[in-house]
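> any chance you can model this:
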Amino acid sequence: MSEFISIIIPCYNQAIYLDECLQSVLDQTYSNWECIIVDDGSPDNTKEVTEKWIEKDNRFQYLHKQNGGLSSARNAGIEVAKGEWILPLDADDKISSRYLELAQKEFDKDYTVIYCKAEKFGVDNEFWDLPDFSQQALAQTNIIFCTAFYKKKSWEKVDGYDTNMLYGLEDWEFWISLLKNGGNVYRIDEVCFYYRTKENSMITELSQTRKTMMLFHIEKKHLDFFHQHLGSMHHLNYEKEQNQKKAEYYHNQLQKLINSKRYQLTEKIFSIFRR
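Predicted structure coming up:
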């Protein structure tokens, strides 16, 4: 029997994109799935749009909850999900018709996370060039988008998405929780995920103050992980100071050269030939 997959789509003020997103789910070549649309107290017509899709196919489900943020909405959907495997998908993004099929072929190979190559569309239309996975790379920045497969029991093991991550970066924190103690990651060698870029998004609107708050929370929660792969904060500060000293040294050397009589004489000679 083929594995059952639960696709979780939180929606808050994204109903305008929801049809396109759900059509990409309906187009899947792999049929053993359910799709739970989580209305996170959205003030738009998310419910009406979803009801239309439920009439088309009863594999679509609607779940309403009080607004609590993206992490809370994903957790609510996964909590009621029946699938062994979970695939989060944001309401403004899309997946290719073969994404579930290609991922399912890898389910029996002991992978913790399965994802794919990706493209951006919307304001930017380009291949999304992400680094290959390594814990070192993950410690530096998020390198896996949210729409990746993992087992529900893995989500349970790390207590789900951190609801303290109210202002973004929740995916990065989740992947660190899931993978910092080991785990195998596989990337499908095909573009199966399409990330919508907009003038305004949760990421672009993330103020520096809020971003600092989220980064501080992640660092505090996973300090051992960052120490292991990036070194201590003191070591990073020392390297920063050394790099600043090197930059100042080379700047001073350049200034000495520019101010030297030899350099000024050379410039005069060149100016004569330029005439």
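> pLDDT weak spots in the stretch 101-250 of the chain?
200-206, 232-243, 245-250 (pLDDT under 70).
> now do the strands in it.
With DSSP state E, counting those that start in this stretch as the criterion, the stretch 101-250 of the chain has strands at 113-122, 126-128, 150-151, 185-197.
> most tightly packed of the ones you listed?
strand 150-151 (a mean of 20; mean count of other Cβ atoms under 10 Å). From N, CA and C alone the C-beta is placed, and that goes for glycine too.
> what is that strand packed up against?
strand 85-88 (3 or more Cβ pairs under 8 Å, 6 or more residues apart in numbering; DSSP states H and E).
> report the distance from the strand it packs on to the chain centre.
On the basis of Cα atoms, centre = their mean, to the nearest Å, strand 85-88 sits 14 Å off its chain's mean C-alpha point.
> contacts for it, please.
Surrounding strand 85-88, the residues in contact under the criterion Cβ atoms under 8 Å, 6 or more residues apart in numbering are 3-10, 74, 78, 95, 99-100, 103, 107, 146-152, 155.
> measure stretch 155-170 end to end?
The distance separating the two terminal residues of stretch 155-170, taken as Cα to Cα, to the nearest Å, comes to 13 Å.
> returning to that earlier point: derive a PyMOL selection command for the buried subset of the contacts of strand 85-88.
To isolate in PyMOL the members of these that are buried, counting by 16 or more other Cβ atoms under 10 Å, one can use:
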select buried, resi 3+5+6+7+8+9+10+74+78+95+99+100+103+107+146+147+148+149+150+151+152+155
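> circling back: can I get the strands of the stretch 101-250 of the chain in JSON lines with distance to residue 244?
Below are those laid out as JSON lines (distance: least, Cβ to Cβ, whole Å):
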{"stretch": "strand 113-122", "distance to residue 244": "35"}
{"stretch": "strand 126-128", "distance to residue 244": "33"}
{"stretch": "strand 150-151", "distance to residue 244": "41"}
{"stretch": "strand 185-197", "distance to residue 244": "34"}
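> which residues in the protein form helices?
In chain order, the chain shows helices spanning 15-26, 46-56, 70-80, 99-104, 135-140, 152-157, 170-179, 208-221, 223-230, 233-259, 261-274, with DSSP state H as the criterion.
> who does the third one touch, helix- and strand-wise?
The one in question is helix 70-80. The elements that helix 70-80 packs onto, with contact taken as 3+ Cβ pairs under 8 Å, 6+ apart, are strand 5-11, strand 33-40, strand 60-65.
> would you indicate which residues of it are buried?
70-78.
> please apply the same query to the fifth one.
Across helix 135-140, burial judged by 16+ other Cβ under 10 Å covers 135, 138-139.
> residues in a beta bridge with the residue nearest to residue 76 when sequence neighbours are not counted, which ones?
Once flanking residues are discounted, residue 76 sits nearest to residue 65: 5.1 Å by Cβ to Cβ, 6 or more residues apart in numbering. On the basis of DSSP bridges, residue 65 takes part in beta bridges with residue 40.
> to what extent is residue 65 buried, counted in neighbours?
Burial measure for residue 65: 15 neighbouring residues, criterion other Cβ atoms under 10 Å.
> surely it meets residue 74?
No: in terms of Cβ atoms under 8 Å, residue 65 does not count as a neighbour of residue 74; the distance is 11.0 Å.
> between those two, which contacts overlap?
Once Cβ under 8 Å, 6+ apart is applied, the residues that residue 65 and residue 74 both contact turn out to be residue 38.
> so which of the strands of the stretch 101-250 of the chain gets nearest residue 60?
For residue 60, the closest of the strands of the stretch 101-250 of the chain is strand 185-197, at 19.7 Å, according to Cβ to Cβ.
> so what touches the closest one?
Applying Cβ under 8 Å, 6+ apart, the set of residues contacting strand 185-197 is 17, 24, 92-96, 98-99, 102-103, 106, 109, 111-124, 127-128, 132-133, 144-145, 147, 179.
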